[in-house]
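# Turn this into a model:
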Amino acid sequence: MIIDAHQHFWDLSRTDYDWPTPDQGILYRNHLPADLAPVLFDHEVRATVLVQAAPSEAETRYLFGLAQAYPFIAGIVGWVDFQLAGAHGRISALIADGNGRLKGLRPMIQNIPDPNWLSQPSLDEAFEAMVRHDLVFDALIRPAQMAELRARLMRHPKLRAVLDHAGKPNIANRSFDAWAEDLELLARDTTVYCKLSGLLTEAGAKTSPEDLAPYVAHIFDCFGGKRVLWGSDWPVLNLVCDYGHWLALSKDFVNGFAACYEKDVFGDTATRLYQLELP
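Residues are numbered from 1 along each chain as shown. Predicted structure coming up:
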């Protein structure tokens, strides 16, 4: 059983997407369930977790509609403005509208200029509401934001959380040491999980297994085999390779660095973390 724990859809006729932009080639077109469904079938992927791509509650509700129409979408990670007053009420409303499909929330922290955004007391209501509703916090950050994430998660020890794309290490420039140290502290001091996803995009032209291996090895050294879950990051993945290539490469990595945990990485951990009801 394979669960893809991180993929996106977007329809450019909507007006709430800041990204992708016309200069981003193959990404600048609609990517919808009918495009992904045959790919999942070909690779025996049973279900997916659909992650927001626009900073709007309207897009999250749009994703609910897609999930209703396509049963392979087992859960939605949506978006709420964490800074606005009344976050608890807006999160509660999204949960009700999702009819069980909302599994987590993801503020797009990597795009927020304020390096101390995660420390703001105005966010407390949203994080406490997530704990109360048992939602997963998807942390979309860059390496420089890792320490702030660690501090925030330590304030909410009951919050279920996952690090998207292993914190987006700058593999293209072979930047390793600072990311590796911060990742180790994050894994040691919190209960956060880590997605094995997005690494080929961060690698740029350096897409050989040898280029990626030190980063993947460190992920498993830090989180072990039961706190890592696989995701494709489709369709962003298409910038660098196809779905089958990343899946095969990931299987090789797991076989090399966490051979006893294939079932966890490729399905069981995502099912447990997001509390998925599989089709």
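# Low-confidence stretches in the stretch 101-250 of the chain?
The stretch 101-250 of the chain contains residues with pLDDT under 70 at 206.
# Please name the residues that touch the residue nearest the centre of the chain.
The centre of the chain sits closest to Asp164, judged by Cα atoms, centre = their mean, with a distance of 4.0 Å. By Cβ atoms under 8 Å, 6 or more residues apart in numbering, the residues touching Asp164 are 6, 51, 106, 138-141, 195, 197-198. C-betas here are computed from N, CA, C, even on glycine.
# which residues of the chain fall in helices?
For the chain, applying DSSP state H gives helices covering 33-42, 57-69, 87-98, 124-133, 146-155, 177-189, 199-203, 209-223, 243-257, 262-263, 269-273.
# pLDDT of the third one, averaged?
Going back to what we said before, that points to helix 87-98. Mean pLDDT, helix 87-98: 97.
# what's near enough to touch the closest residue to Tyr261 other than its chain neighbours?
In space, Tyr261 comes closest to Gly225 once its chain neighbours are excluded; the distance is 2.8 Å by Cβ to Cβ, 6 or more residues apart in numbering. Gly225 makes contact with 258, 260-261, 264-265, according to Cβ under 8 Å, 6+ apart.
# Tally up the residues packed near Arg61, please.
By other Cβ atoms under 10 Å, the residues close to Arg61 number 16.
# For the residue lying closest to Trp234 once chain neighbours are set aside, give its distance to Asp16.
For Trp234, the nearest residue in space outside its immediate sequence neighbours is Gln7; the separation is 4.5 Å by Cβ to Cβ, 6+ apart. According to Cβ to Cβ, to the nearest Å, Gln7 and Asp16 sit 18 Å apart.
# Which of those two has more residues huddled nearby?
Remark: of Gln7 and Asp16, Gln7 carries more neighbours, 26 against 16, as counted by other Cβ under 10 Å.
# so what pLDDT did that one get?
98.
# and it, bridged to which residues?
Leu50, Trp234 (DSSP bridges).
# Now that Ile95 has come up, it's in contact with His133, right?
Yes: in this structure, Ile95 is within contact of His133 by Cβ atoms under 8 Å, at 6.0 Å.
# any idea how far Gly256 is from the spatially closest residue to Ala58 that is not a sequence neighbour?
Leaving aside its chain neighbours, Ala58 sits nearest to Asp16 (5.9 Å; criterion: Cβ to Cβ, 6+ apart). Using Cβ to Cβ, Asp16 is found at 41 Å from Gly256.
# Kindly report the same for Leu237.
From Leu237 to Gly256 the distance is 21 Å (Cβ to Cβ).
# neighbour count winner among these two?
Leu237 (22 against 13).
# What lies in contact with stretch 7-18?
20, 28-33, 36, 48-56, 58-59, 62-63, 66, 111, 231-236.
# Distance-wise, check the residue nearest to Tyr261 relative to His165.
Distance, Gly225 to His165, using Cβ to Cβ: 19 Å.
# Make a markdown table from the contacts of Gly225 and add neighbour count and pLDDT to it.
What follows is these, written out as a markdown table (neighbours: other Cβ atoms under 10 Å; pLDDT from 0 to 100):
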| residue | neighbour count | pLDDT |
| --- | --- | --- |
| Ala258 | 22 | 97 |
| Cys260 | 8 | 96 |
| Tyr261 | 19 | 98 |
| Asp264 | 21 | 98 |
| Val265 | 26 | 98 |
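# In strands only, show me these.
Among the contacts of Gly225, no member falls in strands (DSSP state E).
# Which pair of these spans the longest distance?
Spanning the widest gap among the contacts of Gly225 are Cys260 and Val265, at 10.3 Å by Cβ to Cβ.
# Quick one: residues contacting Gln275.
With Cβ under 8 Å, 6+ apart, Gln275 has these contacts: 75, 103, 134.
# most neighbours, which of those?
Most neighbours among those, by other Cβ under 10 Å: Gly75, with 28 neighbours.
# before we move on, the earlier item: more neighbours: which of Ile95 and His133?
Neighbours were counted for Ile95 and for His133 using other Cβ under 10 Å; Ile95 has more, 17 against 14.
# Thanks a lot, catch you later.
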